[in-house]
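*Asks:* model this:
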Amino acid sequence: MKKWKRLFFILLALNIIVAGGIAVLMILPGEKTDMQQTKTNEYGFNVTSTKESLAAFVNSYLKEKASNQLDYKVEIDDDVQVVGKIKAFSSTIDAFVAFQPIVQENGDVELEVTKFSLGKLSIPISFVLNYMDSFYELPSFVHVHPSDKSIEVRLSEMPLSNGMYVKADKINLEEDEIEFSYYHPKQ
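*Replies:* Down below sits the predicted model:
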C-alpha cells in the first residue's frame with residue numbers, strides 16, 4: 001500500500017503543479033497587440049488638398065519667406081507653373097517655368113522641368129537652373145539639380161513651427177488628388 005500511497009501523492013503533486021502553472025499563465029498579461037507595440041515618438045495627420053488651395057498656400061509661403069530677388073507666383077493646373085520676372089542686367093525679363101511633380105519614396109517632391117522660356121530667348125534649361133542655383137538665394141530646403149533639369153523640394157527640411165515636418169504622399173494633378181502627411185514629434 002505504501003507504493004500506491006506514494007504514487008497517489010506524486011500524481012496529486014503533478015496535478016497541483018499543472019493547475020498552478022495554468023493559473024499563473026492565465027493571470028499574466030497576454031501579448032501586446034500591434035497597436036500597443038507600435039508606440040512612436042511622433043504623431044501625424046493626413047491632409048488632402050486641391051490644386052487651387054495648394055497654389056494659394058505655396059504663394060503665401062513664398063511671399064512670406066522668399067527673398068526680394070524674385071518676383072513670381074505659382075499656378076497649378078496639369079503641371080506646376082512658375083510665372084514671373086527675373087532681374088538681370090538692370091532690367092526685368094519675363095520668365096515661365098513648368099514642372100511635373102514626382103513624389104519620392106521619402107516624401108520629398110522632385111520637380112522636373114518640362115517647359116522653360118525667358119522672354120523670347122531660348123536658353124538651355126540646365127544653364128538657367130545652374131544660374132538660379134548660383135545667384136539666387138533659395139530656401140534651404142530647395143535644391144537645384146541643373147544636370148537632371150530638376151528641383152528637389154525636401155519637405156522634411158522645410159522649417160515649420162513646433163518641430164513639425166511634412167511628407168508628400170500623392171500628387172496627381174490631372175485628377176486633382178494631392179495628399180500630404182504632417183508629423184509632429186511628441187513632447
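*Asks:* Quick one: mean pLDDT for the helix or strand containing residue 97?
*Replies:* Per DSSP states H and E: residue 97 is located in strand 91-103. The average of the pLDDT scores along strand 91-103 is 85.
*Asks:* Just list the residues touching the residue most central in space within the chain, thanks.
*Replies:* Centroid-nearest residue in the chain: residue 167, 1.1 Å away (criterion: CA atoms, centre = their mean). Counting by CB atoms under 8 Å, 6 or more residues apart in numbering, residue 167 makes contact with 106-108, 155-156, 180-181, 183. Quick note: C-beta positions are derived from backbone N, CA and C, even for glycine.
*Asks:* can you confirm it is in a strand?
*Replies:* Yes. With DSSP: H, G, I helix; E, B strand; the rest coil as the criterion, residue 167 is assigned to a strand.
*Asks:* by contact count, what packs against the helix ranked longest in the chain?
*Replies:* Using DSSP state H to define each element, the chain has its longest helix at helix 2-27. Applying 3 or more CB pairs under 8 Å, 6 or more residues apart in numbering; DSSP states H and E, one finds that helix 2-27 contacts no other helix or strand.
*Asks:* all helices of this structure, in order?
*Replies:* Using DSSP H, helices in the chain cover 2-27, 34-37, 51-65, 125-135.
*Asks:* Need the pLDDT of the closest residue to residue 47 other than its chain neighbours.
*Replies:* The spatial neighbour of residue 47 that comes closest, neighbours along the chain excluded (CB to CB, 6 or more residues apart in numbering), is residue 180 at 4.9 Å. With respect to pLDDT, residue 180 scores 89.
*Asks:* So in terms of bridging, what pairs with residue 180?
*Replies:* Using DSSP bridges, the bridge partners assigned to residue 180 are residue 47, residue 168.
*Asks:* dump the residue contacts of it.
*Replies:* 46-47, 49, 155, 166-169.
*Asks:* ok, for the residue nearest to the centre of the chain, nearest residue in space, not its chain neighbours?
*Replies:* residue 107 (2.6 Å).
*Asks:* and that neighbour, how many neighbours does it have?
*Replies:* Residue neighbour count, defined by other CB atoms under 10 Å, stands at 17 for residue 107.
*Asks:* Can you verify my assumption that it contacts residue 181?
*Replies:* Yes. Under the criterion of CB atoms under 8 Å, residue 107 makes contact with residue 181 at 7.3 Å.
*Asks:* Much appreciated, bye for now.
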